[in-house]
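> Fold the following for me, if possible:
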Amino acid sequence: MNCRVLEASVAFYHRPFVHPLIISSGAITEITEARASVRVRIGTSEAVGRGAMYLSDLWAWPEPSLTHEDRDRVLRALCERIAGDLMSICGGEPAHPLELGVRAHEEVLSLSVGAGADPTPLARAMCLSPFDAATHDAAGLALGRPSMTLYDEPCAMPAADRLFADATACQAIAGMIRTRPRRAFDAWLVVGEADNLTGTVLPWVRDRGYRAFKLKILGRDAEADAARTVEVFQAVRSFGVHRPRLTADSNGATPGPDAAVEYLERVRGLDPEAFDALEYIEQPTGRDILAQPHDWRGVAALKPVLLDEGLTDARAMAAAVEQGWSGFALKTCKGHSFALVAAAWAHRRGMAVALQDLTNPGLAAIHAGIFAAYVPTINGIELNSAQFTPAANEEWLPRLRPFLAPQDGTHRLPADMPNGLGSTL
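Numbering: from 1, shown residues only. All right, here's what the predicted structure looks like:
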């Protein structure tokens, strides 16, 4: 398959949060949505695809010497540069959309940004991601088929194939994706460390049927984090949730594996049922797992521990195996191509894969939902734009309310899977 990128563009939208999202690096109160359009040609067919992503600077690039406005300005400029030079960033020649995306991922990680700023690899991948999604969307539209089904025929992809020692990228992905897409997923609610459970969580349980909860823990006090975890579990049980699902995320603030083990053992000591309900923990320590390696086998013996912010390239994938990580917490903001390759790579090794969110609404949420429909994940999918930026979903309501604003604790995709990555829904 020869997909040629013809042109690209990007537009930006300001998205205020209805209440702050508190992470270990601070509070997110507003964000920029980047929407990309990419026109491609495959054979004699041309199509324009669309993709979107929040430029979550505080999460992806928490540089304290720069303000949110400074970081946002640099990330917007990087998006505009990618739009103006996407063809060459993708290698300057036609190829399978996945090959184009892997080439672009590698190129953008080393791209000179200028302006005295150097965004992290995570922030760079985030800026590329709406273009990667739009390219795949356009390819699927040009061919008249869902973009997740472009792997059923052999296709050489040198940049992607070299990541697999025992198969081609096409073989690895085709061997992983579902032939019958999943269309329903539990809706996850983010529970902050300071959230009042009766005032904040109860309405989502009572009025919207939520039964899965992602806990934002601070990571610096195992005793306090364990007590909070048990408090949330017991509260949602009292609200009528018979079998709560829990995950915990300290966004890299936990000192090390010993502290993570202490947290888990304290939860088990306080309430064994809360411990059983805790399905996995995300990225407990710092993001650079090459410079700051840890042995996670002791933690993994208790609960799966998933690499999230530290997963930005193939070196991190290999290091994760050596260090005993249980699997990957994927995000489409790292790029559709990279996320799909990483999922297939993990699948071949029997590692766990979850699909997390970036509070993405609309196009980005639909893209993530379609990804989860085809790629087996242990959590289904985490989507929380309904909680933090519901107004950004209004363009797709009410027709996609069962997916973007669920009323029964379940995200539901339409019965018919769309061509592309869902921009036509």
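> show me what contacts Ala344?
Phe164, Ala169, Ala172, Ile173, Gly175, Met176 (C-beta atoms under 8 Å, 6 or more residues apart in numbering). Bear in mind the C-beta positions are built from the backbone N, C-alpha and C, glycine included.
> Next, the contact list for the residue lying closest to Gln407 once chain neighbours are set aside, please.
If the residues on either side of it in the chain are set aside, Gln407 comes closest to Arg208, at 5.7 Å by C-beta to C-beta, 6 or more residues apart in numbering. Going by C-beta under 8 Å, 6+ apart, Arg208 touches Ala187, Pro406, Gln407, Asp408, Gly409.
> As TSV, those residues with pLDDT, distance to Gln323 and secondary structure would be great.
Output for the contacts of Arg208, formatted as TSV (pLDDT from 0 to 100; distance: C-beta to C-beta, whole Å; DSSP: H, G, I helix; E, B strand; the rest coil):
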residue	pLDDT	distance to Gln323	secondary structure
Ala187	98	32	coil
Pro406	96	36	coil
Gln407	95	42	coil
Asp408	96	40	coil
Gly409	98	35	coil
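> and which of these is nearest to Ala354?
Nearest to Ala354, judged by C-beta to C-beta, of the contacts of Arg208 is Ala187 at 14.8 Å.
> Show me which pair in the contacts of Arg208 is furthest apart.
Once C-beta to C-beta is applied, the contacts of Arg208 give Ala187 and Gln407 as the farthest pair, at 9.6 Å.
> just the helices in the stretch 1-150 of the chain please.
Assigned by DSSP state H, counting those that start in this stretch, the stretch 1-150 of the chain shows helices spanning 57-60, 68-84, 86-89, 97-109, 121-143.
> helices and strands around the longest strand seen in the chain, which ones?
For the chain, the strand that runs over the most residues, judged by DSSP state E, is strand 3-23. Where contact means 3 or more C-beta pairs under 8 Å, 6 or more residues apart in numbering; DSSP states H and E, strand 3-23 is packed against strand 26-42, helix 68-84, helix 86-89, helix 97-109, helix 121-143, helix 385-388.
> May I see the buried residues of it?
Buried residues in strand 3-23, counting neighbours by 16 or more other C-beta atoms under 10 Å, are found at Cys3, Arg4, Val5, Ala8, Ser9, Val10, Arg15, Phe17, Leu21, Ile22, Ile23.
> so how far is that strand off the chain centroid?
14 Å (C-alpha atoms, centre = their mean, to the nearest Å).
> Arg266 versus the spatially most central residue of the chain, what's the distance?
Closest residue to the average C-alpha location of the chain: Lys331 at 1.6 Å, with C-alpha atoms, centre = their mean. As judged by C-beta to C-beta, to the nearest Å, Lys331 and Arg266 stand 29 Å apart.
> That concludes my questions; thank you for your assistance.
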